[in-house]
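Q: got a predicted structure plus its sequence, pasted below:
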Amino acid sequence: VHGISFQGKMDVVKDNFEFACAEIETILRKEVSFVSIDCEFSGTTGTSEAITDTPEERYSQMREVAQKFQLIQIGITLFVKALSPATTIKYEAYPFNIYVFPETRPGTQNFIIFDLDAASSYREQKLDFNKWFYEGVPYMNEKGERALIEEVIEEFQLTPDEERTTGSILESVKCWYLETPKKEYTIVDLNSYLRRYISHKIEQYYPSVYVEVISKGEFGTDIVLSKVGLEEKKAKKEAKRRKTLREAQKKTGARRLLHLLSSKKTPIVGHNLLFALMFIYSHLQDTLPEKLADFKAQITTLFPEVYDTMLLFSDERLRCLLPSQYSSSLESMYSFISKSKEMSKTTITFGGPTSKYLGKEQFHEAGFDAYIAGCCFSKMANYLSLPSLEKYKNRLFSYKSPYNLNLTGIEEIHENTIVCVGRLIKGKTVDELNAKFKGYQDLCYVKFVDDCIAFIVIKKQRGHKKVLDSIKNCKDILLVEDWKKYVEERKIKMEMDGKRAFEKKKKKDSKEAQRVNNLSSFRPFPGPFVPFLPMQMPVPMPVPMQMPMQSEEYPRPFPPPIVNTMRPGPIPSHFHPFSSAEPFPQRFFYSYGGYVRPPQYQTPNNQPIFLSLIHI
């Protein structure tokens, strides 16, 4: 019934999310061959995507992006193998386009970041921002779900005032329970923490009292106590528990999809899938691990079998069918595969009675992209045969990188890519090197990482051997080095640089800690601090304090004086820098602004020298 009522809509929002989940769960009970997924994000900027990036460096960059931006849509399409003649293979597709919007929870990222380029792109594609903002299905990660659903036993710690307040309330409840015939009692004007405490205590002391917290909107929240029998209380608590669980499930929202998909361990398919998996894990499961190895272990626990159509499309048997120039974008790939006679034996129909995607292309909508990725995968997989798929299992494409990401092993270089590292010979220029590869822009590109080191990335397509011949003829311009050797040397250098940076930071932190410690233990005057008090003494004629002229004897001018009134005589005892019992040397003068030296320590022009106010 849900399938018939829902399939005409396709877009999943808060109002029909329960129906969509019920339908997905019903379809998963069948023999689902695979599930294709796709996501739309609020941004993906922040990765340098340099050809020199190691898999760990690339993952670290993508991790920051996946945790910074939000999910907008999640596309899911379930493919069920249908009955068909022996000569053809038929699938039924059940696509869902789910708008998602983050649920606000304490301790989570409670803000949304939108990249301007992404927003402009979605605006051109007519994305319904109102539907996303107002009707998006809420979502949270495992930590938020656990805090919401599980019953947390709190250890209450009250202040003396709170103890007096709650004690008075509990005494009033006791009087109501024992002495009055009223069936209900209302407690008002408490904060949420004290409401939880009072509810906990009443449940503990009065088994036959039912506690209900009722919100009155802008007028606050009350606790309503009811005298009921034990059986009636048990029934009410069970109804309340079911209601709370339903509300919690609504708030966990899209995370339920992750539960459904991961519990069935169905193969997951997608186009350029790495970012989608990272966003889904970051926002629906947990914070992404810092290390790539930990991420691979976590994602394979959720999805043990993953396929990326970008890698399947690079298979040699498919490249033989491709024109000399082609794009690996989802739109181009679907255009080629849908017209290919060799892959026409596989047909896909929609499982529901109607579909918004029937006869209409809507690329860059998550639901449609997931559906198209699944169509391409089914046709390519049946053309290549199952044994050929094994080498693509749990391998993910990495953009502008010579590596494939292997979720269950060590990363490898793309089988359809050749990478060369070269150093420019002294005196040669970049223009001379580029001239050698003129006309091969579709087969290779040259990327300089500094003034002399260049990476030459060659696609294994028709005519790529001519590029290799051009590299051999560049010996007078370029010295070609081994790629793997360069990567190992660079890795060792980065590790050493990291260690040096760590030692430098450690040394700097140690110095700073020592400086702070010295400052905290420094006391300019022994004993307790006594503020300076003005003395009632006759004020002599002010002595002007002029700057001494610069000379050989005084090569640098003294700092400008800040004292224009001096009082000769001893320093008062409360201003003594040594001990109040010890007489202060009479050769020092004092003033309201600082110390000055007596005449025998003045300049040749009889100008006094200003000294610091603190310890001399």
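A: Looks like it arrived, so ask away.
Q: parallel or antiparallel, which strands does the lengthiest strand in the chain pair with?
A: Looking only at the chain and at elements set by DSSP state E, the strand with the highest residue count is strand 89-102. According to DSSP bridges, the neighbouring strands of strand 89-102, each with its direction, are strand 11-12 (parallel), strand 71-82 (antiparallel), strand 137-139 (parallel), strand 346-350 (parallel).
Q: among the ones you listed, which is nearest Tyr122?
A: Taking CB to CB as the criterion, Tyr122 comes closest to strand 71-82 out of the strands paired with strand 89-102, the separation being 7.6 Å. For every residue, glycine as well, the C-beta is placed using N, CA and C.
Q: avg pLDDT for the closest one?
A: Averaging the model's pLDDT scores along strand 71-82 yields 94.
Q: now swap in stretch 13-25 and tell me
A: Predicted confidence along stretch 13-25 averages 89 (mean pLDDT).
Q: format the strands paired with strand 89-102 as CSV; extra columns: distance to Phe448 and mean neighbour count.
A: Putting those into CSV (distance: least, CB to CB, whole Å; neighbours: other CB atoms under 10 Å) gives the following:
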stretch, distance to Phe448, mean neighbour count
strand 11-12, 47, 24
strand 71-82, 37, 23
strand 137-139, 43, 24
strand 346-350, 44, 16
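Q: I'd like these written out as TSV, with distance to Ala293 added.
A: As requested, the strands paired with strand 89-102 are exported to TSV (distance: least, CB to CB, whole Å):
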stretch	distance to Ala293
strand 11-12	35
strand 71-82	25
strand 137-139	27
strand 346-350	37
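Q: what is the burial count for Ile456?
A: Counted with other CB atoms under 10 Å, the neighbours of Ile456 add up to 24.
Q: for the closest residue to it other than its chain neighbours, the count of nearby residues, please.
A: On the basis of CB to CB, 6 or more residues apart in numbering, the spatially nearest residue to Ile456 that is not a chain neighbour turns out to be Cys420, at 4.3 Å. Using other CB under 10 Å, Cys420 has 21 other residues around it.
Q: then Lys465?
A: 11.
Q: and it, backbone torsions?
A: phi -70, psi -30 (degrees, to the nearest 10).
Q: okay, it: pLDDT?
A: Here the pLDDT value assigned to Lys465 is 76.
Q: one more: Arg500?
A: As summarised for this prediction, Arg500 has a pLDDT of 86.
Q: and if you look at Ile112?
A: Note on Ile112: pLDDT of 88.
Q: could you say which helix or strand holds it?
A: Take DSSP states H and E as the rule and Ile112 turns out to sit in neither a helix nor a strand.
Q: so what's it up against?
A: Listed by CB atoms under 8 Å, 6 or more residues apart in numbering, the contact set of Ile112 reads 42, 70, 102.
Q: swap the cut-off to 6 Å and go again
A: Listed by CB atoms under 6 Å, 6 or more residues apart in numbering, the contact set of Ile112 reads Gln70.
Q: list the helices and strands the longest helix anywhere in the chain packs on?
A: Looking only at the chain and at elements set by DSSP state H, the helix with the highest residue count is helix 483-521. Packed against helix 483-521 by the contact rule (3 or more CB pairs under 6 Å, 6 or more residues apart in numbering; DSSP states H and E) you find strand 417-424.
Q: what's the angle between the strand it packs on and helix 483-521?
A: On the basis of axes from the mean of the first three to the mean of the last three CA atoms, to 10 degrees, strand 417-424 is oriented at 70 degrees to helix 483-521.
Q: all strands for the stretch 101-250 of the chain, in order.
A: Taking DSSP state E, counting those that start in this stretch as the criterion, the stretch 101-250 of the chain carries its strands at 137-139, 184-187, 209-215, 221-227.
Q: so what does Phe34 look like in phi/psi?
A: Dihedral angles (degrees, to the nearest 10) for Phe34: phi -160, psi 170.
Q: quick check, pLDDT for Glu290.
A: 92.
Q: quick check, it in a strand?
A: No: under the criterion used here (DSSP: H, G, I helix; E, B strand; the rest coil), Glu290 is coil, not part of a strand.
Q: ok, it - contacts?
A: Under the criterion of CB under 6 Å, 6+ apart, the contact list for Glu290 is empty.
Q: wait, the residue nearest to Ile456 touches Ala454, no?
A: No: with contact defined as CB atoms under 6 Å, Cys420 does not count as touching Ala454 (8.6 Å).
Q: in the stretch 51-200 of the chain, what spans have low per-residue confidence?
A: Under the criterion pLDDT under 70, the flagged ranges of the stretch 51-200 of the chain are 105-109, 147-156.
Q: can you give me the helices in it?
A: Using DSSP state H, counting those that start in this stretch, the helices of the stretch 51-200 of the chain run over 55-68, 116-124, 129-135, 142-149, 160-179, 192-205.
Q: next, the buried residues of the first one.
A: Across helix 55-68, burial judged by 16 or more other CB atoms under 10 Å covers 55, 57-60, 62-63, 65-66, 68.
Q: most widely separated two among those residues?
A: Based on CB to CB, the longest span within the buried residues of helix 55-68 runs between Pro55 and Lys68 and measures 20.4 Å.
Q: ok, the residue nearest to Ile456 to Phe219 distance?
A: 74 Å (CB to CB, to the nearest Å).
Q: how many residues are close by Thr88?
A: As a measure of burial, Thr88 has 11 neighbours, counting by other CB under 10 Å.
Q: how far away is the spatially closest residue to it that is not a sequence neighbour from Asp115?
A: Using CB to CB, 6+ apart and skipping the chain neighbours, the partner closest in space to Thr88 is Lys345 (5.3 Å). Lys345 sits 42 Å away from Asp115 when distances are taken as CB to CB.
Q: neighbour-wise, which of those two wins?
A: Between Lys345 and Asp115, Asp115 has the larger neighbour count (other CB under 10 Å), namely 17 against 14.
Q: how about the more buried one, nearest residue that isn't a chain neighbour?
A: Counting by CB to CB, 6+ apart, Gly43 is the residue found nearest to Asp115 once chain neighbours are left out, at 2.9 Å.
Q: then Ala119?
A: Spatially, and ignoring its direct neighbours in sequence, Ala119 is nearest to Ser42 (7.9 Å; CB to CB, 6+ apart).
Q: would you agree the one you found is in contact with Phe69?
A: Yes: here Ser42 reaches Phe69: they are 4.6 Å apart, a contact under CB under 6 Å.
Q: these two: which has the busier surroundings?
A: The neighbour comparison of Ser42 against Phe69 (other CB under 10 Å) goes to Phe69, with 22 against 18.
Q: pull the contacting residues for the more buried one.
A: Residues touching Phe69, when contacts are defined by CB under 6 Å, 6+ apart, comprise 41-43, 113.
Q: can I have the buried ones of those residues as a ChimeraX selection?
A: A single ChimeraX command suffices to select whichever of those are buried according to 16+ other CB under 10 Å:
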select :41,42,43
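Q: kindly reformat the contacts of Phe69 as TSV containing secondary structure.
A: As requested, the contacts of Phe69 are exported to TSV (three-state DSSP):
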residue	secondary structure
Phe41	strand
Ser42	coil
Gly43	coil
Ile113	coil
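Q: how close does the residue nearest to Ala119 sit to Gln285?
A: Applying CB to CB, the value for Ser42 to Gln285 is 19 Å.
Q: go on, Ala293?
A: Using CB to CB, one obtains 17 Å as the distance from Ala293 to Gln285.
Q: as a markdown table, the buried residues of helix 55-68 with distance to Leu230 would be great.
A: As requested, the buried residues of helix 55-68 are arranged in a markdown table below (distance: CB to CB, whole Å):
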| residue | distance to Leu230 |
| --- | --- |
| Pro55 | 62 |
| Glu57 | 64 |
| Arg58 | 62 |
| Tyr59 | 57 |
| Ser60 | 58 |
| Met62 | 57 |
| Arg63 | 53 |
| Val65 | 56 |
| Ala66 | 51 |
| Lys68 | 53 |
